[in-house]
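here are the coordinates; sequence isn't available:
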């Protein structure tokens, strides 16, 4: 069981690395074509958003729309329980 968890963690990290790499390549291409100035650096929030989009695109390639919907439902459930805990205090 521990090996399965380690394998999933490794896959998740690799997917995040690929997502960040794709975002950086996209930005580099935009700089080369002139769509973006070379001095512009993304804010953390914008980078997070782009990485999240890339992760969902990668997930959609691997598991389809159902996989993305499953992840989004888990995220909603997590946020809902977190908000309930905060509001009860």
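Yes, it's here. Predicted model, so just to flag it, every value in this text is computed and none were measured. Numbering: from 1, shown residues only.

in the chain, which helix or strand is least confident?
The least trusted helix or strand in the chain, going by mean pLDDT, DSSP states H and E, turns out to be helix 2-33, with a mean of 85.

elements contacting the helix or strand following that one?
Per DSSP states H and E, the first helix or strand lying C-terminal to helix 2-33 is helix 44-88. Contact analysis of helix 44-88 by 3 or more CB pairs under 8 Å, 6 or more residues apart in numbering; DSSP states H and E lists helix 2-33 as its packing neighbours. The C-beta positions use only the backbone N, C-alpha and C, and glycine is treated the same way.

buried residues, the helix it packs on. List them.
19, 22-23, 27 (16 or more other CB atoms under 10 Å).

equivalent analysis for stretch 78-86, please.
If you call a residue buried by 16+ other CB under 10 Å, then stretch 78-86 has no buried ones at all.

so how far is it from its chain's centroid?
21 Å (CA atoms, centre = their mean, to the nearest Å).

what of stretch 45-63?
4 Å.

for that stretch, give me every contacting residue.
In this structure, residues lying in contact with stretch 45-63 by CB atoms under 8 Å, 6 or more residues apart in numbering are 15-16, 18-20, 22-23, 26, 42, 67-68, 71.

and that stretch, average pLDDT?
Averaging pLDDT along stretch 45-63 gives 82.

flag every buried residue along that stretch.
50-51, 54-55, 58-59.

from these, which single one is nearest residue 1?
The shortest gap between residue 1 and any of these belongs to residue 59, at 23.3 Å (CB to CB).
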